[in-house]
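Student: take a look and give me a structure for this.
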Amino acid sequence: MSLPQHVKIFEVGPRDGLQNEPTPVDTATKVALIEKLAAAGVSAIESGSFVSPKWVPQMAGSEAVFGTLKRQSGVTYSALTPNMRGLERAISAGVTEVAVFIAASEAFSQKNTNCTIAEGLARASELTQAARAEGLNVRGYISVVAGCPYQGAIKPSTLAPLSKALLDMGCYEVSLGDSTGVATPGQTKAIIDAVVSTIPINQVAMHCHNTYGQALANIYAALEMGVAVIDSSVAGLGGCPYAPGATGNVATEDVVYMLNGMGIEHGIDLEELVQAGDFIIQQLGRQNDSGVARAMLAKSAQEAEPA
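Tutor: Numbering: from 1, shown residues only. Purely as a prediction, here's the structure:
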C-alpha cells in the first residue's frame, strides 16, 4: 500500500503526557502549552481528562483549562471521559469531542478500570450514546494492543471485534494503543491487518509508546499499511500509571521530523512545535525526550553563542 499524502497528528501531551508527571502543573501552564501547540499548527489536541482527581490528581483542573482556553478555529480540543459523571462535566465545560476507552486484556481492564472487557464495552457504549445525543464526537481507544504487563502478549485477532464494537457504538475512529511500548514493526502490521478486516483503514489511528525504542519504526510500519492518524506527545511526555516501566508516548517532534523527511504533509511548524515542547520541559524541570528537539535546541544554542 502507498504511503498517505497527509497525516493528522493527534496531540496527547496535555492529557496522556502530563497525567503521569509528578510535578504539579497549574492551569495557566497547561493552557499556555495547548495554545502554543495550536499556534504551531496542531489541529487535534487532547486537552484534559474528566476523571476523579483522587485517581489522577494532575487532571483535577480540566474544567478550568477548558474554561480559560482561547479556542482557535479549526482546532479540536478533546477530553477523556471515563464515566457518565466525567461526561457531564465535559459537556458543562463546553467540550465538543470526548474519548472513551477499553482494554485488549482482561487483566489490564481489571487493574485499570476495575471491570471486565465486556463491562468496559458496555460502559463505553453508554457514554458514546449519551455523548452523541448531545452532539459530541467520540473517539475510541483500545489500550495494550500488543502486550499487557499482567497478561503478556495480545493476539491481534482479539482486536478486530473490539475495534468493530467501538465503531458500531458510534465512535468515529479507533486509536490502537501500544501502551507498554512492546510492539515491533511486524507486530504492528499484524495488529493493523487484523483490525482492518472489520473496520476501514481511514478510521484507524496508531498510538505508540517508546519503551523499547520501537515507536518511530512502528509508526512507519503503520503508515505503510495506510494509517493516516498518529497519536503523539510533545517532548515525549507521558507513560502509563498502570503499565509498569512504560515510558512516554512517541515525541511529536520526532514524528513530524520523520514526516518532513518523507514528504508527507501534516500542517505543523516544527520549529514552533519544538519551542512548545521546550516550554513545558522548562516548567517541569525534566529532560526533553524528543531527540529531534534536543538536537535542534542544541544547534540553536550553539548558533546563538558569540563567535
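
Student: for the chain, longest helix please?
Tutor: Counting by DSSP state H, the longest helix found in the chain is helix 117-133.

Student: residues making contact with the least confident helix or strand in the chain by mean pLDDT?
Tutor: Each helix and strand of the chain was given a mean pLDDT (mean pLDDT, DSSP states H and E); the minimum falls on helix 106-113 at a mean of 91. Helix 106-113 is contacted from outside by 82, 102-103, 115-117, 119-120, 123, 143-144, 148-151, 179, 242-243, using Cβ atoms under 8 Å, 6 or more residues apart in numbering. Where you see a C-beta, it was placed from the backbone N, CA and C, and this is true even at glycine.

Student: among those residues, which lie within helices?
Tutor: Ile117, Glu119, Gly120, Arg123.

Student: ok, so of those, who is nearest Asn137?
Tutor: Arg123 (18.5 Å; Cβ to Cβ).

Student: how many neighbours does the closest one have?
Tutor: Other residues near Arg123 come to 18 when the count uses other Cβ atoms under 10 Å.

Student: my read: it touches Thr116, true?
Tutor: No: the pair Arg123 and Thr116 does not pass the contact test of Cβ atoms under 8 Å, sitting 10.3 Å apart.

Student: picking up where we left off before, now, of the contacts of helix 106-113, which are buried?
Tutor: For the contacts of helix 106-113, a neighbour count by 16 or more other Cβ atoms under 10 Å gives the buried set as 82, 102-103, 115, 117, 120, 123, 143-144, 148-149, 151, 179, 242-243.

Student: in this structure Ile191 contacts Ala183, no?
Tutor: Yes: the pair Ile191 / Ala183 is scored as a contact, 7.1 Å apart, by Cβ under 8 Å.

Student: before we move on, the earlier item: please tell me how far the least confident helix or strand of the chain is from the chain's geometric centre.
Tutor: Relative to its chain's centre, helix 106-113 lies at 19 Å (Cα atoms, centre = their mean, to the nearest Å).

Student: repeat for stretch 249-256
Tutor: 11 Å.

Student: again with stretch 182-202
Tutor: Average the C-alpha atoms of stretch 182-202, do the same for its chain, and the two points are 17 Å apart (Cα atoms, centre = their mean).

Student: residues in contact with it?
Tutor: For stretch 182-202, contacts defined as Cβ under 8 Å, 6+ apart pick out 145-147, 156-157, 159-161, 163-164, 167, 174, 176, 178, 204, 206, 208, 211-212, 214, 217-218, 220-222, 224-228.

Student: now that stretch: average pLDDT?
Tutor: Per-region confidence: stretch 182-202 scores 98 on mean pLDDT.

Student: that one: end-to-end distance?
Tutor: End-to-end span of stretch 182-202 (Cα to Cα, to the nearest Å): 24 Å.

Student: give me the buried positions along that stretch.
Tutor: 182-183, 185, 187-192, 194-196, 199.

Student: please apply the same query to stretch 292-307.
Tutor: Val292, Ala293, Arg294, Met296, Leu297.

Student: any chance of TSV for the residues you listed, columns secondary structure?
Tutor: TSV is the format used below for these (DSSP: H, G, I helix; E, B strand; the rest coil):
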residue	secondary structure
Val292	helix
Ala293	helix
Arg294	helix
Met296	helix
Leu297	helix
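
Student: for the chain, give me the ranges with low pLDDT.
Tutor: 1, 239-247, 307 (pLDDT under 70).

Student: phi, psi of Lys54?
Tutor: phi -60, psi -40 (degrees, to the nearest 10).

Student: burial count for it?
Tutor: Neighbours of Lys54 using other Cβ under 10 Å come to 7.

Student: mind starting the numbering at 51 from now?
Tutor: With 51 as the first residue, the last one maps to Lys104.

Student: show me what contacts it?
Tutor: No contacts exist for Lys104 under Cβ under 8 Å, 6+ apart.

Student: now do the closest residue to Asp339 other than its chain neighbours against Asp66, distance only.
Tutor: Of all residues not flanking Asp339 in the chain, Gly286 sits nearest, at 2.9 Å (Cβ to Cβ, 6 or more residues apart in numbering). To Asp66, Gly286 is 11 Å away according to Cβ to Cβ, to the nearest Å.
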